[in-house]
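# quick one, structure for this:
(2 chains)
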2 protein chains.
Amino acid sequence: MSRIPRIVILGAGYGGIVTAIRLQKELNYNEADVTLVNKHDYHYITTHLHMPAAGTDDPNNARVSILKLIDEFKIDFVKSTVVQIRPNEKKVILEDGTLSYDYLVIGLGGEPETFGIPGLKEHAMNIRSINSVRLIREHIEYQFAKFKREPHRKDYLTFIVGGAGFTGIEFVGELADRIPKLCREFDVDPSLVKIYNIEAAPTALPGFDPELVQYAMDVLTKKGVTFKIATAIKECTPEGVILADGEEIKSSTVVWTGGIRGNRLVEEAGFEAMRGRVKVDEYLRAPNSDHVFILGDCSLVMNPDDRPYPPTAQIAMQQGENCAKNLVASIRGSQLTSFKFDNKGVVASLGKGEAIGIVFGKKMRGGVAAMMKKIVDMRYLYIIGGVPLVLKKGRL
Amino acid sequence: MSRIPRIVILGAGYGGIVTAIRLQKELNYNEADVTLVNKHDYHYITTHLHMPAAGTDDPNNARVSILKLIDEFKIDFVKSTVVQIRPNEKKVILEDGTLSYDYLVIGLGGEPETFGIPGLKEHAMNIRSINSVRLIREHIEYQFAKFKREPHRKDYLTFIVGGAGFTGIEFVGELADRIPKLCREFDVDPSLVKIYNIEAAPTALPGFDPELVQYAMDVLTKKGVTFKIATAIKECTPEGVILADGEEIKSSTVVWTGGIRGNRLVEEAGFEAMRGRVKVDEYLRAPNSDHVFILGDCSLVMNPDDRPYPPTAQIAMQQGENCAKNLVASIRGSQLTSFKFDNKGVVASLGKGEAIGIVFGKKMRGGVAAMMKKIVDMRYLYIIGGVPLVLKKGRL
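Take a look at the predicted model:
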């Protein structure tokens, strides 16, 4: 190749940003042109979004300016929205331009999966970006203000969270913490407020340790959350939800956390995908595509039992590290490294001072787990932004 | 009379609260039973509501707990809503009870006057209570959050204020101050935000000094307000407003400050009223009713030219003082005192650090007027709550 290879990274989520940061460390001067494309000029910390969504933290604490994370002398940043990926032409069409690549990294993130439940797309909100969680926060506050003018509208004070996976559980924990403050602010009787967490699976946090799940439900029930487990939502309407058993819960606020699928752009690009997720090879490349790496929510990586790992921040970050390594190896013509997920565990917050988790195989709960959650958050800040970012955004 | 007379005061607005506070000073032990009735357990400072409505101040800074203002050993407080006044039976029907009186003070405050403009009642918000301004504030913030999800909806960022009287002008001043902060908070381009102040009269602040009116409009125009003066609103719809000349302005936020009328309960009680306002006698009593005093927005007091004084906080407070004096005189059988309005002037805020006013006949503008506005506010706090309240709520 006479000219230096071009690497285009789509998305500055966990996978994309870690790829970019590692590349700028590993690449030699003029070894490659790297361009990072992202819709916003900030990276957001998805695992923190349940807090600004409930209003228990400022949304700005869940985002970092991308230009603070990357070295602009080494990596170009383009703030734009991807419209189409054309693998055959090795081109990416942006809202306002076109980029050619030699190597492409797709880290575009997921989209809410509504499983075809009618009305969810139209009437439910999602915890998936800074914009979406600001909407949820403002929507919730607005319901309290509206209730004071129409006190017969109890549905204004009924909050439905669909899905009791990690996001759903973490969000209801924060919301339950916020309610007493909102009640004081708007002079509302707290006993009028209802929070429902509805899950179709036979348990909350499916696949998680049952003892810890029970602990989580006990903590949240005590905080005022009503669980409806093994209960599917049949329909979401402008008035609330209708459950599979026919029960209707009237509510002006439905937040859907029940599923994530890959990005539609990946399917539209012609990659073979299941719900927008592409089963990548051991080097994280799309099938039969030496030049396209796929990370995070758009990728499907199998565990040793040949079942897909759930899409998490942790796996996306590790994919980013592996991807950067394999990009460098590809450019240098050296041997690529297989991706192996190293599951360090998982911690779920249950609101202030409460959490559950399994870390390095050890079960934990309560204050210890809550502390561990903060350590995990700070470790991530350290990985992407070093000590300065930990000092700026990290809080114990 | 063998038993001591009962005084019932309806409403703890400017007129009612001043009446109550003066009565508890003037009356001797066991000279009268005084009961103050109010919908909320707090008094609010109406002249301050434009700030929490725009979100430039906390609503709690515009209210004071009634029990901090009155002496419960001397005055009973009933938190309830008045349903009906029955002058013939000397009874007041509350939402949850009945009160008998020998003397009644009606200080129930006004209601928005929409002059029959279709849709205003349904689709516009009003600056008239703590609840209503919290609604406006939350509504405005919610529009910014919604715009980020639907960037084609420019109507979310268009704010219409109907009426350029004192409330309208003061509100647009605060709103213009708030917009840059909201734009930063929600990552919105400030050039997309529009504020319209629409007034049917041939001038803003009708009746006010034309030079100061021009100053006010210049200050507010510079802050980004677009005035449409001598322009009537023909209709308010869920999509915005339609002007008399047929122009439609699309907006999801219409705040109506264009008029105040008296309380409907006053008309329903059988008092002769014009738009809910009763022309009281020189002692502030309803016509042919020695035992009913009417204050504030429900009363009509004529100036020496036989035109009604506009309903303001200032006149209501002075009425409260006079009313308390006349109640004591009525009980003691001594001579009542005629009410004479002593117009000390008026100051209108135009946002932070800017105001216009005429005080003791002297015109003022800019920082001096803004300072005078704060002095006026603090003087009121001093009247109702003494030095402790000034220290708690007053801010220079």
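# give me the number of residues near the nearest residue to A:Lys39 once chain neighbours are set aside?
Excluding the flanking residues, the one nearest A:Lys39 by CB to CB, 6 or more residues apart in numbering or on different chains is A:Thr81, at 5.0 Å. Yep, even glycine has a C-beta here, placed from its N, CA and C like the rest. For A:Thr81, the neighbour count with other CB atoms under 10 Å in any protein chain shown is 11.
# for A:Thr81, what are phi and psi?
Backbone torsions of A:Thr81, given as degrees, to the nearest 10, read phi -110, psi 130.
# contacts only, for it.
For A:Thr81, the contacting residues are A:39, A:94-95, by CB atoms under 8 Å, 6 or more residues apart in numbering or on different chains.
# mind checking pLDDT for the residue in the stretch 151-300 of chain A positioned nearest to chain B?
Of all residues in the stretch 151-300 of chain A, A:Phe186 sits closest to chain B, at 6.4 Å by CB to the nearest CB. Model confidence at A:Phe186, given as pLDDT, is 97.
# which non-adjacent residue is nearest it?
Spatial nearest neighbour of A:Phe186, chain neighbours left out: A:Phe144 (4.2 Å); criterion: CB to CB, 6+ apart.
# do I have it right that that neighbour meets A:Arg184?
No. Here A:Phe144 does not reach A:Arg184: they are 10.5 Å apart, not a contact under CB atoms under 8 Å.
# what are the buried residues along the helix or strand that contains the residue nearest to A:Phe186?
Assessed by DSSP states H and E, A:Phe144 sits inside helix A:130-149. Residues of helix A:130-149 classed as buried by neighbour count (16 or more other CB atoms under 10 Å in any protein chain shown): A:130-148.
# kindly report the same for stretch A:232-244.
A:232-234, A:236, A:240-243.
# give the other helices and strands that the strand or helix carrying A:Cys236 contacts.
Counting by DSSP H and E, the element that carries A:Cys236 is strand A:233-237. With contacts defined as 3 or more CB pairs under 8 Å, 6 or more residues apart in numbering or on different chains; DSSP states H and E, strand A:233-237 has these neighbours: helix A:120-123, strand A:240-243.
# is any part of the first one close to chain B?
No. No part of helix A:120-123 sits close enough to chain B to count as contact by CB under 8 Å from any CB of the partner chain; the gap is at least 12.7 Å.
# what mean pLDDT does that helix have?
Summarised as a single mean, pLDDT over helix A:120-123 is 96.
# pull the residues that contact it.
With CB under 8 Å, 6+ apart as the test, helix A:120-123 has contacts from A:112, A:114, A:162, A:233, A:236-238, A:254, A:256.
# any chance of JSON lines for these, columns pLDDT and distance to B:Lys25?
JSON lines is the format used below for those (pLDDT from 0 to 100; distance: CB to CB, whole Å):
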{"residue": "A:Pro112", "pLDDT": "95", "distance to B:Lys25": "63"}
{"residue": "A:Thr114", "pLDDT": "94", "distance to B:Lys25": "66"}
{"residue": "A:Gly162", "pLDDT": "98", "distance to B:Lys25": "59"}
{"residue": "A:Ile233", "pLDDT": "97", "distance to B:Lys25": "62"}
{"residue": "A:Cys236", "pLDDT": "98", "distance to B:Lys25": "59"}
{"residue": "A:Thr237", "pLDDT": "97", "distance to B:Lys25": "58"}
{"residue": "A:Pro238", "pLDDT": "96", "distance to B:Lys25": "55"}
{"residue": "A:Val254", "pLDDT": "98", "distance to B:Lys25": "55"}
{"residue": "A:Trp256", "pLDDT": "98", "distance to B:Lys25": "60"}
